[in-house]
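Undergrad: Prediction below, plus the sequence it came from.
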Amino acid sequence: MILDLSLKEMEEYVCGLGEQKFRAKQLFEGAYMLKNLQDISTLSKSFKEKVQKDYFSYEVLAHLKSKDGTEKVAIKLSDGSVVESVLLSYKYGHTVCVSTQVGCRMGCKFCASTLNGLQRNLTSGEILLQVLFFNAYLGGTLKERKITNIVLMGCGEPLDNYDNVTKFLRLVCAEDGLNVSQRNISLSTCGLVPNIYKLADDGFSVTLTISLHAPDDDLRKTIMPIANAYKIEEILQACDYYFNKTGRRICFEYSLIEGVNDTDDCILKLSKILQGRTCHVNLIPLNSVKEKKLLGVTRKRAYAIAEKLQKLGVSATVRRSLGEDIDGACGQLRNRLGGAK
Ligand code: SAH
């Protein structure tokens, strides 16, 4: 698919078709604006015929708008798979939350994305498509980008799709691509330890976000199966490595589940494991997922917990929950048809 290619690769592709190299730029620009191939007026009919089979196709099955301004789309890909992506608009800019897999195999007990298991990995171009969709929707182009930030926090585990995800990062950060700075990208993982090291060794410096959700391995195992593979201590060591290599502060996500991980004992333990580390804790009252029995704490309780962590010397804030009324908030994305409630 054309969106999997960098500009240089597109030049090689175009030359391979027996066409002139400069056509690649025209094709690239048109594709980045998500134009129909037929509507790229600079390209000839015969050129388009050659490219047609490699061009992308997608269909927006649903486009929902939350009362808080958050928007969610369900995009049908060429093979019929459906991915959901979210646009979050703030005073300072626009953030796109992208999915990295169709479904997810991590099996976290509180998350909607994993309900039907993993269907398949997304390609780099399919991840990029989600960013391009909202960029074009906001009137942006390749050069005049409207999207300021990207978070890999939709459906799927990014480090379980390492090659495609890192290719996506290269594409979206390329100077002749959307030219997004790695500083403005957050990658969230439930903690696939070897690939955290790999990410650092491969020279990436995106903000690393760890879905922790529990202060000890026993509790973590009851809500996150991945905890059977990697200990919290191993994750923290990998985080230290990442921090030392990139200088980027690590974020820890902690979704507060009533009566499960919100006790005083849990919060004290959490502060102990994080003390002395350059990191930040994002607290989120668990968002409801109708198939799941777990409940979130009140926002008031979340603020009290943030204060407690601060007093214990750990930087912590409560994340705003956006898009909950359209099932667009953390842990609510899935790959169901239509994306409607
Ligand atoms: N697989 C990656 C990317 C998903 S990001 C990861 O685990 O980090 C989505 C974030 O929302 C993760 O921190 C996830 O643990 C969290 N989450 C999942 N279900 C949630 C829910 N119901 N309420 C609040 N947060 C949830």
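TA: All right, it came through fine.

Undergrad: what's the spatially most central residue of the chain in contact with, if anything?
TA: In the chain, the residue lying closest to the centroid (C-alpha atoms, centre = their mean) is residue 152, at 1.3 Å. The contact partners of residue 152, by C-beta atoms under 8 Å, 6 or more residues apart in numbering, come to 98, 100, 127, 158, 165, 185-188. Glycine gets a C-beta too; all of them are placed from N, C-alpha and C.

Undergrad: ok and the residue in the stretch 1-150 of the chain nearest the ligand?
TA: residue 111 (3.5 Å; C-beta to the nearest ligand atom).

Undergrad: do you know how far that residue is from residue 228?
TA: Counting by C-beta to C-beta, to the nearest Å, the gap from residue 111 to residue 228 is 17 Å.

Undergrad: With neighbour numbers in mind, choose between those two.
TA: Just comparing residue 111 and residue 228: by other C-beta atoms under 10 Å the higher neighbour count belongs to residue 111, 25 against 10.

Undergrad: so how far is the ligand from the closest residue to that one other than its chain neighbours?
TA: Distances taken as C-beta to C-beta, 6 or more residues apart in numbering put residue 331 closest to residue 111, at 4.5 Å, once the chain neighbours are dropped. Per C-beta to the nearest ligand atom, to the nearest Å, residue 331 is found 2 Å from the ligand.

Undergrad: Just confirm residue 331 contacts residue 113, I think it does.
TA: Yes - using C-beta atoms under 8 Å, residue 331 is in contact with residue 113, at 7.0 Å.

Undergrad: Could you list the low-confidence segments of the stretch 201-341 of the chain?
TA: 336-341 (pLDDT under 70).

Undergrad: Run through the residues that contact the nearest residue to residue 15 once chain neighbours are set aside.
TA: Setting aside the residues directly before and after it, residue 15 is nearest to residue 21 in space (C-beta to C-beta, 6+ apart), at 5.7 Å. By C-beta under 8 Å, 6+ apart, the residues touching residue 21 are 11, 14-15.

Undergrad: Need the contacts of residue 152 in CSV (columns: pLDDT, distance to the ligand and neighbour count).
TA: Converted to CSV, these look like this (pLDDT from 0 to 100; distance: C-beta to the nearest ligand atom, whole Å; neighbours: other C-beta atoms under 10 Å):
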residue, pLDDT, distance to the ligand, neighbour count
98, 98, 10, 30
100, 98, 7, 28
127, 98, 13, 31
158, 98, 6, 29
165, 98, 11, 27
185, 98, 13, 21
186, 97, 9, 19
187, 98, 8, 23
188, 98, 3, 22
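
Undergrad: Reformat the residues you listed as JSON lines; add secondary structure.
TA: Output for the contacts of residue 152, formatted as JSON lines (DSSP: H, G, I helix; E, B strand; the rest coil):
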{"residue": "98", "secondary structure": "coil"}
{"residue": "100", "secondary structure": "coil"}
{"residue": "127", "secondary structure": "helix"}
{"residue": "158", "secondary structure": "helix"}
{"residue": "165", "secondary structure": "helix"}
{"residue": "185", "secondary structure": "strand"}
{"residue": "186", "secondary structure": "strand"}
{"residue": "187", "secondary structure": "strand"}
{"residue": "188", "secondary structure": "strand"}
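
Undergrad: So residue 239 belongs to a helix, correct?
TA: Yes - counting by three-state DSSP, residue 239 falls inside a helix.
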